[in-house]
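*Asks:* starting from these lines, generate the structure:
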Amino acid sequence: MLTPARHLVPAAGLVAHLGHGVQRIATDTAIGRLRALPRSVAELDTGYLSKLTGYRIESVSVLGGDAGTSSRARLALTGHPDDEVPESVFVKMPAATAATRMVGELGRLGHTEVRFYQQLAHGLPGVPRAHGAAFDPLTGRYVLVLEDLSLSPCEFLDTLHPLDKDRAAQTVELLARVHAAFWGRLPARSGTGALGWLYSASGDHTSLMTGGLLKLSTKRLAESTDIPVADGRFIDENYRAAAQLLDRPPHTVMHGDAHPGNLFFRNGEAGLLDWQAVRRGHPGRELAYTLVTSMTTTDRQAAERDLLDVYRAALAAAGGPELDRDELWERYRLGATYAYAAPVITAGLGGMQDEGIAIEGARRGVAALADLETVAILKKLL
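*Replies:* All right, here's what the predicted structure looks like:
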């Protein structure tokens, strides 16, 4: 039996992408000491930080840190008084272990966030200030020096502290302003022009892995929880086709991972952290993912139509188009596909979030499939 070329091409792209990630990590191991970018937080000395940030930094010390898909740390700084050097900064660098670094390479996380701060972040609302950003394409090393949000009165959230309607409205207004800033600026397809590096979630070769990860995750959740994951079986079996339907144009720039753990509130306004999954896509995907994961199911059901109206008004006010109400509603309902897939995989695989947070996210994602009748729409359109 012949395999259609349209299946072979994405598979070949996935193999090439995996190989590129392995090659970067191997190169870093072999000749990394010869590269200019430091490998770890401990190697961030005053000379390198001064060059990267433009400040005349005279001392640096580590205040604390943790690890995830990246190595993260808070650094205390002192410097020349004329430079207004911040007393502390937040730094992101590649993960310490090769296995976790490979996860970052699969998602292009470090490169994406550096590109975001270098090319897209200027003038956007709700974005932490960057003091410096650098990426080494040969080894995949990167350094991001960001403002330390702990110095200001910020409130950080998670899934177990859901948004009420007012804060959800502030959040969709922020998304609208970000989306409006890039509406009409993207090339017709990825790979061309200055913003050609932005791709849709379904256009990423690694999306070939999502269906398999969903099947594994739903099996685990069915065995260990009472979440009715069987409701999403059609998506598990047809994820790639569903994602491509979800990602039909028009496109703009999206945060890509605007769940409550990446939200903060400062001075009465919403902000977003971790711009490492920036994608191009339709707002319906981002709005569904954010509202489904950030609100209780009952509160979302009661408020989502009103919140989409808030978004439409804010998008138009910020210079974006006036989206049709009914069309946005349907694209939002389709967007629950992603609001189901991402939390279910996170909960099913484990180790990426606190278990209680992950399970609650999966529960909300599965509930949204039912009340938004997302599977029925997919069956009709596919």
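*Asks:* all strands of the chain, in order?
*Replies:* Remark: strands assigned in the chain by DSSP state E are 57-67, 70-79, 88-94, 130-135, 142-147, 154-156, 252-254, 263-266, 269-272, 279-281.
*Asks:* out of those strands, which is closest to residue 232?
*Replies:* Using C-beta to C-beta as the measure, strand 279-281 is the one of the strands of the chain that comes nearest residue 232, at 20.3 Å. Bear in mind the C-beta positions are built from the backbone N, C-alpha and C, glycine included.
*Asks:* and the closest one, what does it pack onto?
*Replies:* Applying 3 or more C-beta pairs under 8 Å, 6 or more residues apart in numbering; DSSP states H and E, we find strand 279-281 packed against strand 252-254.
*Asks:* what pairs with the strand it packs on, parallel or antiparallel?
*Replies:* strand 279-281 (antiparallel) (DSSP bridges).
*Asks:* pull out the buried residues from the strand it pairs with.
*Replies:* Across strand 279-281, burial judged by 16 or more other C-beta atoms under 10 Å covers 279-281.
*Asks:* switch the strands of the chain over to JSON lines; also include distance to residue 167 and mean pLDDT.
*Replies:* What follows is the strands of the chain, written out as JSON lines (distance: least, C-beta to C-beta, whole Å; pLDDT from 0 to 100):
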{"stretch": "strand 57-67", "distance to residue 167": "26", "mean pLDDT": "93"}
{"stretch": "strand 70-79", "distance to residue 167": "25", "mean pLDDT": "95"}
{"stretch": "strand 88-94", "distance to residue 167": "23", "mean pLDDT": "96"}
{"stretch": "strand 130-135", "distance to residue 167": "25", "mean pLDDT": "97"}
{"stretch": "strand 142-147", "distance to residue 167": "22", "mean pLDDT": "97"}
{"stretch": "strand 154-156", "distance to residue 167": "10", "mean pLDDT": "93"}
{"stretch": "strand 252-254", "distance to residue 167": "20", "mean pLDDT": "98"}
{"stretch": "strand 263-266", "distance to residue 167": "7", "mean pLDDT": "96"}
{"stretch": "strand 269-272", "distance to residue 167": "7", "mean pLDDT": "96"}
{"stretch": "strand 279-281", "distance to residue 167": "24", "mean pLDDT": "97"}
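*Asks:* for residue 325, which of those strands is the nearest?
*Replies:* Ranking the strands of the chain by their distance to residue 325 (criterion: C-beta to C-beta) puts strand 252-254 first, at 18.1 Å.
*Asks:* picking that back up, mind putting the strands of the chain into CSV with distance to residue 354?
*Replies:* As requested, the strands of the chain are arranged in CSV below (distance: least, C-beta to C-beta, whole Å):
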stretch, distance to residue 354
strand 57-67, 13
strand 70-79, 16
strand 88-94, 20
strand 130-135, 28
strand 142-147, 23
strand 154-156, 13
strand 252-254, 25
strand 263-266, 16
strand 269-272, 20
strand 279-281, 25
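*Asks:* which stretch among the ones you listed approaches residue 41 most closely?
*Replies:* Taking C-beta to C-beta, strand 70-79 is the member of the strands of the chain nearest to residue 41, at 4.5 Å.
*Asks:* got the angle for that closest one vs strand 88-94?
*Replies:* Angle, strand 70-79 to strand 88-94, by axes from the mean of the first three to the mean of the last three C-alpha atoms, to 10 degrees: 140 degrees.
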